[in-house]
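Participant: Got a predicted model here, sequence first, then my questions.
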Amino acid sequence: MNATHSAGLRGQTALITGASAGIGKACALTLAAQGIDLVLTGRNAEALEAVAAQCRSGGTKVLTLAGDLTDTGFVQRLSEEASHVQVLVNNAGVLTYAPVLEITTEQCAQMFATNVVAAFDLTRAIAAHMVKRGSGHLVFITSGAARSVAQHGVVYAATKHALSAFAKGFRLELKSHRIKVSEIAPGMVDTDIRQSSTHPDVVKSLAARKFAPLRAQEVADALLYALLQDSNSATELIELRPAFG
């Protein structure tokens, strides 16, 4: 990385959701290596503290707040504790793959509550503080599913389409306040989130894939690229796909 750009990130603070594992963990470690202080949140307090300890080992200041982003009271407390952050990385999400006629209303509601509504609530709260300062960077980790719909992933794709629309909408309304908005849309990533999908048709479909999924680190590298752009340059969308999929 360009040393001048890396030095420019030092001293900033980023809030990362879903930071206890997978993409969120990779993003935390990558930003910590650049001298960015962190506010990390996730539902698993023990795993969150383990990530924080790794980040702190390099001298990064880290605040952890474990909780459920679908709890509006927790979101309010989190937004107050993180009111100073220059970067918000919306990464938290849940995923259930199943045929559309078999997925339950409760599973649908859970995905929308976490992937869409919670992200909207937190982004709106953090963006209000950024508007007062006249600067900031909002990052939405969506998915390749934000622009296509795959078999067994109809509801998940719907949530990512919605999250992508929020990214576009926040960009439209906040650019006059000098707030950047970036969307990072990876294809299949090798994380534990897919283990929550146990439907036999889904398991069979995933096992039949002949290509290697993306690594979480590759998504974190895309995040860093977006943050490293000059002040007058905005990376609005990065799409990542397995090269041979």
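Facilitator: Arrived safely, thanks for sending. Numbers count the residues shown, from 1 in each chain.
Participant: Extract the CA atoms of stretch 217-225 and return them as PDB.
Facilitator: C-alpha atoms of stretch 217-225 as PDB (Å, rounded to 0.1, in the frame of the first residue of the first chain):
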ATOM      1  CA  GLN A 217      -9.300 -11.300   3.500                       C
ATOM      2  CA  GLU A 218     -10.000 -10.500  -0.100                       C
ATOM      3  CA  VAL A 219     -13.200  -8.600   1.000                       C
ATOM      4  CA  ALA A 220     -11.200  -6.800   3.700                       C
ATOM      5  CA  ASP A 221      -8.600  -5.800   1.000                       C
ATOM      6  CA  ALA A 222     -11.500  -4.300  -1.100                       C
ATOM      7  CA  LEU A 223     -12.600  -2.300   2.000                       C
ATOM      8  CA  LEU A 224      -9.100  -0.900   2.500                       C
ATOM      9  CA  TYR A 225      -8.900   0.100  -1.200                       C
END
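Participant: Quick check: mean pLDDT of that stretch?
Facilitator: Average pLDDT, stretch 217-225: 97.
Participant: Give me the buried positions along that stretch.
Facilitator: Q217, E218, V219, A220, D221, A222, L223, L224 (16 or more other Cβ atoms under 10 Å). Where C-beta positions appear, they are placed from N, C-alpha and C, glycine not excepted.
Participant: any residues touching it, and which ones?
Facilitator: The contact list for stretch 217-225, computed with Cβ atoms under 8 Å, 6 or more residues apart in numbering, reads 1, 23, 26-27, 29-31, 34, 89, 139, 141, 184, 186, 189, 235, 238, 240.
Participant: again, but for stretch 115-132
Facilitator: By Cβ under 8 Å, 6+ apart, the list of residues contacting stretch 115-132 from outside reads 15, 17, 69-70, 72, 75-76, 78-79, 82-86, 88, 90, 92-94, 136, 138, 140, 156, 159-160, 162-163, 166, 170, 174, 177, 179.
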